[in-house]
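Engineer: Sharing a sequence plus its predicted fold:
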Amino acid sequence: MRYLPLTLLLGALVTLNLGCQKKGDPGSNSQPVPETKESSSAEATPAAEEHPAITAANQVLAAIHAGDDAAIRPLLSANNQDMRDKDIRRFLEESKTDVGDVTEVTEVRAGRGENEVVAKVRVVEDEVFIVVLTLEDGKYLFEDINSPGVSRYEALEKVAP
């Protein structure tokens with residue numbers, strides 16, 4: 001009997017607490033609310049950056065598909081800067097056959113020359129159609145479209161991804 005007032009007091013507090021909670025209150029749920037962890041940009045996992053040669057090759061492909069000589073002109077290497085507009089338009093038209101429906105490249109290998117890389121566009125039978133790029137003043141610029149044999153292409157050192 002000595003503990004009866006304490007039991008009554010605890011019962012009243014529990015009842016009062018349950019009665020005061022409204023629906024929708026976080027405390028009224030029987031499941032715990034997960035803690036949200038604030039993340040800063042420093043903690044975020046950085047996205048893998050695309051190799052700059054892949055970006056340049058994709059810009060070349062976009063210009064070829066669009067037939068846009070104005071878009072490809074700033075992408076031309078020093079060797080190609082003196083091309084006339086009509087020659088560029090003809091080249092773009094002819095290149096559509098070489099690149100087919102491909103709009104993006106995903107693989108880059110070291111080229112044969114210094115500061116040269118090749119981006120694989122597509123494989124047709126025993127030929128690999130590639131965009132040849134040269135590194136000039138820190139930028140990859142369009143040199144040519146070529147089509148070495150598969151074995152010759154695969155012998156080149158992989159650069160990306």
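Structural biologist: In hand now; what should we look at? Residues are numbered from 1 along each chain as shown.
Engineer: going forward, measure contacts and count neighbours with C-alpha atoms only.
Structural biologist: Noted.
Engineer: what helix or strand does the residue nearest the centre of the chain sit in?
Structural biologist: When Cα atoms, centre = their mean is applied to the chain, the residue found nearest the centroid is Glu50 (5.8 Å). Counting by DSSP states H and E, there is no helix or strand that carries Glu50.
Engineer: and the residue lying closest to Arg112 once chain neighbours are set aside, what helix or strand is that in?
Structural biologist: Counting by Cα to Cα, 6 or more residues apart in numbering, Leu156 is the residue found nearest to Arg112 once chain neighbours are left out, at 8.0 Å. Under the criterion DSSP H and E, no helix or strand holds Leu156.
Engineer: just Glu143 next, same as before
Structural biologist: strand 139-146.
Engineer: any chance you could map the strands in the chain?
Structural biologist: Using DSSP state E, the strands of the chain run over 108-110, 116-124, 127-136, 139-146, 158-160.
Engineer: what lines up beside the last one in the sheet?
Structural biologist: The reference is to strand 158-160. Applying DSSP bridges, strand 158-160 is found paired with strand 108-110 (antiparallel).
Engineer: and the partner strand, how far from the chain's centre?
Structural biologist: Its chain's C-alpha centre lies 18 Å from the corresponding centre of strand 108-110 when counted by Cα atoms, centre = their mean, to the nearest Å.
Engineer: same thing with stretch 77-91?
Structural biologist: 29 Å.
Engineer: what does stretch 107-122 rub up against?
Structural biologist: With contact meaning Cα atoms under 8 Å, 6 or more residues apart in numbering, stretch 107-122 is reached by 53-54, 57, 99, 102, 104-106, 128-136, 156-161.
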